[in-house]
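Visitor: Got a predicted structure here, sequence first:
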Amino acid sequence: MAREVKVYEVKDYRADIDSDWCPGCGDFGILAAIQQALYRLQIPPHKVAVCSGIGCSGKTPHYLRAYGFHTLHGRVLPFATGLKLANHGLTVIAVGGDGDGYGIGAGYFINAGRRNVDFTYIVFNNEVYGLTKGQAAPTLPRGAKTKSMPEENVQQGLNPIALAVGAGYTFVARGFALDVKHLSELIARGIAHRGSAFIDVLQTCPTYNDIHTREWYLGLDRPEKRPRLYKLEEAGFDPVVTDPEDPEEIRAKQISAIAKSYEWGERIPIGVFYQVELPTFEDNLREKGILGEVPLAEADPFSRDVTELVEALR
Amino acid sequence: MSSTDRDINWVIGGPQGSGINVAAETLARALVRAGYRVYASIEYHSNIMGKHSYYRLRISDADRQSPLGRVHLLVSLDEETLFGDTHHEFPAHRGHLHEVVPGGAVVYDARVKLEAGRDDLKLYPVPYADLLELALKEFGRQAERNRFKVVQNVIALSASAAVLGFDLEALTAAILEGFKGRRAESARINIRAAELGYEYIRAHFGDDFGYKLSRLNRRPNQRPLLVRGVQAAAIAKIKAGLGFQTYYPISPATDENVYLEAQQRKYGFVVVQAEDEVSAINMAVGAAHAGVRAATSTSGPGFTLMAEGLGFASMTEAPGPVVFLWQRGGPSTGLPTRQEQADLRFALQPAHGEFPHIVVAPGDIKEVVFDSYTAFNWAERYQLPVIVLLDKHLAGAYSTVDDLGLEALPPVDRGLFYAPDGGYLRYAFTETGISPRTIPGMEGGIFWTTSDEHDPKGHITEGAENRLKMVAKRMKKLEVAAREIPKEVKFKTYGPPAADFTVVGWGSTKGAILDVLEELGAEGYKLNFVQVRLMRPFPAEELKEVLGRARNLILVEENYTGQLGALIREQTGINITRKVLKWDGRPFTQEELKEGLLKAMDAEGTILASHLQG
């Protein structure tokens, strides 16, 4: 007898709770894009775990109908790693802000790339610490001064795309919070990608970031109104490694992704910078015979015979 | 004759990397198989090659649980083992020659001029290098004398076995076992070296050592276990159904993790080496929330980094993880490879805010097994993190036991699960404070959880009424745990019910306390012992009753401030005014503690009980 296949609608991924983000916040676009990506992939809500750090972005799991884990500042990736390894049957999405991921959580951002656990990490990058009222975040350029900062930023902004490639992420992309359709496609590609997918999302903060605003990204401040953002795929950029066994090709694609990531200001690329299919952390554990097909959370480890271990002590 | 006179303390010392571990552990295994009981522990520097380390083997016909300070047979691989590093401006130790008892013996390199100014010792100079040269010559390997230099440890070992009157064949069998799976020729060279060392003693010295093994009774039908705390903990965790373990390398927790790593394939669990302890704890919390029995293992410096993760686990009522905290000398990097019991208060308040967690401190191998196993039941039943508080001495010391007590373990208890009927509330208010949980992936079980204060559904709220109820709900679980955990797990009493003095202690000092109580009992003193094991929820009322009945109390701890004493005073109002303490980074020897207790029985105050061990 054929089982009835349940078809999920976008609303099935929405929690019945109001958000407390500021009106016009870029987070709304990212939330909608995540919901649309899950809908597009038809992943049952109860098979999804969304984990977050702390900050405005940290509230995202509460607004999604899926298992939601609002964790600690900067620690979302270790948490998501443990969760995914404990139950690799789940679709795991991690979200956080740029301060969360590139500041307090920078060590975890880098080290997660080394592992290539099969999850998707979405960073809400608005260049400011919004929830504490607008201090400079790790991506704000040196010399920039948002309206709530008493002085110009004296620290340099970092390049998350280049860092992600260097750390070993196997899918590296940048999206724009206000282009929901394009972003949801990126997120769907990231989720479908086997391995750690990283998506840096340029997110407007209408309350605290008065420099990189919607108008700025869309070029509405320019006389010709030409958008600063452009899509890599429309510009013929080829990010995908066709032969993952070929270290030369991997190196060449990484170099071109990093070079592209330094394009900023007058023209800002969004889309996929780099993608390669490499064994995931789970694959490596499976190959060693440590992890089986059955997720650890569904296994029965309660009838183990440790006689051999005890006898070895005699 | 007191019972300890029947002990033989065999000590081997040498620079790190000279193979004293292999020598001592080989002899320990051989002795246990021959029917002797052994208690063995190592002291070493945080260093890979060169610094002084030494291994003590206490050989007995009874089960001893503490190191002896006095030495009956000293085996020295270098001069420093004999005389210390007194040429330094601030010497670290004075060597071990002064610890050898009258009539005791020293096996040492014949090239060393031993003018100890002691004519009460039996001296066995052995030409280690010449004997090694002979052995290598038989195999045509003289050119590799530098590579094989470490084999001098076997020569010294077998020479000492000859002095002890231990059977050469039993020793070489144990040596051979150490070469299982390695190059056969290396094994043959080692065996030959052992024979030469053994024969050298037989040929050149009389058979008149006063502390030969024949003084001890053997138990020929016994083949007991020789176990370290790290092994006991790891086996108990595997038995408990451990699914996920994380760690960042740190002494003295690393051995437990390495043991587990070697077993993950066979038993189907995952060990992840994290980038730091912040990551380690958060991975473990993630796995616990996913429904797997999760643990992490660390020492003081790493535990410091776990603070926020522990608060997070408790706030979100994660069913774990179980954190194994192997204490070492603090603060900061402190004494990385040395003993201390100074993290009790920290383990009790490991993060900001008020939250429930359980802290249990086992004192011997069987308690390590029981507590490590049971901790997972508590973590899942009460949905909170559990800290198993151990220490370096418990981690590394070998005890002889007949079994691990696996038969006595309670059944697995995974706590309450939710049966989907719609409208699930992960943090539902209940009588016990325990809300049924689901496993992510389960249909109808979706929940939210947050490190912020939250409502029963798991969404953020800062409402006052919810806050009052939610804090009380979480704390309520501790009350329930206090009610449900059996009294014999909370604390234990040893010795006569009525005594002049009651010793109060915790953790691995239990061994020394029991050994000293036996010795003092034989000398006519009336002492008993209360071992506190459950530190949170603290058994205040039950303990108050027991301690309140005692005539005089003596606190024994390996720290400066008497942390358990402070906890008892806080929780029961009882102020223990006699204290035997030490914070020199070494575990109590039986002599140190005996002397300390005798002084404490004489007068109130704090006795520092340190004989400045190497």
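Guide: Nice, I can see it. From a predicted model like this one, the values you see are computed outputs, not experimental measurements. Numbers count the residues shown, from 1 in each chain, chains lettered A, B, ... in the order given.
Visitor: so which residue of chain A comes closest to chain B?
Guide: A:G82 (3.0 Å; C-beta to the nearest C-beta). Heads up, the C-betas are built off the backbone N, CA and C, glycines and all.
Visitor: give the contact list for that residue.
Guide: B:F244, B:T246, B:V272, B:N282, B:M283, B:A284, B:V285, B:G286, B:A287, B:A288, B:A290, B:A294 (C-beta atoms under 8 Å, 6 or more residues apart in numbering or on different chains).
Visitor: Cross-check the residues you listed against chain A and keep the overlap.
Guide: Under the cut-off given by C-beta under 8 Å from any C-beta of the partner chain, chain A has B:F244, B:T246, B:V272, B:N282, B:M283, B:A284, B:V285, B:G286, B:A287, B:A288, B:A290, B:A294 from the contacts of A:G82 close to it.
Visitor: Could you tell me which residues of the stretch 51-200 of chain A lie near chain B?
Guide: By C-beta under 8 Å from any C-beta, the residues of the stretch 51-200 of chain A that approach chain B are A:51, A:54, A:59, A:61-62, A:65-72, A:75, A:77-87, A:89-90, A:107-108, A:110-111.
Visitor: Okay, and which of these map to strands?
Guide: Among those, DSSP state E puts A:C51, A:Y67, A:G68, A:F69, A:H70 in strands.
Visitor: which pair in those residues spans the largest distance?
Guide: Maximum pairwise distance in those, criterion C-beta to C-beta, is 11.4 Å, between A:Y67 and A:H70.
Visitor: okay, the two: which has more neighbours?
Guide: Under the neighbour definition other C-beta atoms under 10 Å in any protein chain shown, A:Y67 and A:H70 were set side by side, and A:Y67 has more, 32 against 26.
Visitor: Was I right to think that one contacts A:P44?
Guide: No - in this structure A:Y67 lies outside contact range of A:P44 using C-beta atoms under 8 Å: 11.1 Å.
Visitor: Could you give the residue of chain B that lies closest to chain A?
Guide: Taking C-beta to the nearest C-beta, chain B has B:G286 as its residue nearest chain A, at 3.0 Å.
Visitor: Look at that residue and give its secondary structure.
Guide: With DSSP: H, G, I helix; E, B strand; the rest coil as the basis, B:G286 sits in helix.
Visitor: Isn't it up against A:T81?
Guide: Yes - if you go by C-beta under 8 Å, B:G286 and A:T81 touch, sitting 6.7 Å apart.
Visitor: Pick out whichever of the two has more residues nearby.
Guide: More neighbours surround B:G286 than the other of B:G286 and A:T81, with 34 against 29 (other C-beta under 10 Å).
Visitor: Roughly how far does that one sit from A:Y13?
Guide: B:G286 sits 22 Å away from A:Y13, going by C-beta to C-beta, to the nearest Å.
Visitor: related to what we said a few turns ago, looking at the ones in strands among the residues of the stretch 51-200 of chain A next to chain B, spot the one nearest B:Y418.
Guide: Taking C-beta to C-beta as the measure, B:Y418 lies nearest A:Y67 of these, at 13.2 Å.
Visitor: in the sheet, who's paired with the closest one?
Guide: A:A49 (DSSP bridges).
Visitor: how much space between it and B:I446?
Guide: According to C-beta to C-beta, A:Y67 and B:I446 sit 6 Å apart.
Visitor: shared neighbours, these two?
Guide: A:H46.
Visitor: Tell me the secondary structure at residue 143.
Guide: Since no chain was named, I'll use chain A. For A:G143, the secondary-structure state derived from three-state DSSP is coil.
Visitor: actually it's chain B I care about, not the one you picked
Guide: helix.
Visitor: Below-threshold pLDDT in the stretch 51-200 of chain A: ranges please.
Guide: By pLDDT under 70, the stretch 51-200 of chain A has no low-scoring segment.
Visitor: about what we covered before: anything in contact with each of A:Y67 and A:H70?
Guide: What both A:Y67 and A:H70 touch, as defined by C-beta under 8 Å, 6+ apart, is the set B:W448.
Visitor: Which single one of the contacts of A:G82 is nearest to B:A408?
Guide: B:A294 (24.6 Å).
Visitor: Which residues are in contact with that closest one?
Guide: A:82, A:86, B:242-246, B:284-285, B:287-288, B:320-322.
Visitor: can you map out the helices along chain A?
Guide: Applying DSSP state H to chain A gives helices spanning A:27-41, A:76-86, A:98-99, A:106-115, A:160-167, A:180-192, A:214-218, A:247-261, A:281-287, A:307-311.
Visitor: rewinding a little: the residue of chain B closest to chain A - nearest residue in space that isn't next to it in sequence?
Guide: Distances taken as C-beta to C-beta, 6 or more residues apart in numbering or on different chains place A:G82 nearest to B:G286, at 3.0 Å, with adjacent residues excluded.
Visitor: about what we covered before: in contact with the residue of chain B closest to chain A, which residues?
Guide: Contacts for B:G286 (C-beta under 8 Å, 6+ apart) come out as A:C51, A:F69, A:T71, A:P78, A:F79, A:A80, A:T81, A:G82, A:L83, A:K84, A:A86.
Visitor: and with 7 Å instead?
Guide: Neighbour list for B:G286: A:F79, A:A80, A:T81, A:G82, A:L83, A:A86 [criterion: C-beta atoms under 7 Å, 6 or more residues apart in numbering or on different chains].
Visitor: List the residues that contact the second one.
Guide: Contact criterion C-beta under 7 Å, 6+ apart gives A:C51, A:V92, A:A94, A:F119, B:G286 as the residues in contact with A:A80.
Visitor: which of those has the most neighbours?
Guide: Busiest of the contacts of A:A80 [other C-beta under 10 Å] is B:G286, holding 34 neighbours.
Visitor: thinking again about what came up before, the contacts of B:A294 into a markdown table, with extra columns for distance to A:Q275?
Guide: Below are the contacts of B:A294 laid out as a markdown table (distance: C-beta to C-beta, whole Å):
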| residue | distance to A:Q275 |
| --- | --- |
| A:G82 | 25 |
| A:A86 | 27 |
| B:L242 | 36 |
| B:G243 | 32 |
| B:F244 | 29 |
| B:Q245 | 32 |
| B:T246 | 29 |
| B:A284 | 31 |
| B:V285 | 31 |
| B:A287 | 28 |
| B:A288 | 33 |
| B:G320 | 36 |
| B:P321 | 34 |
| B:V322 | 39 |
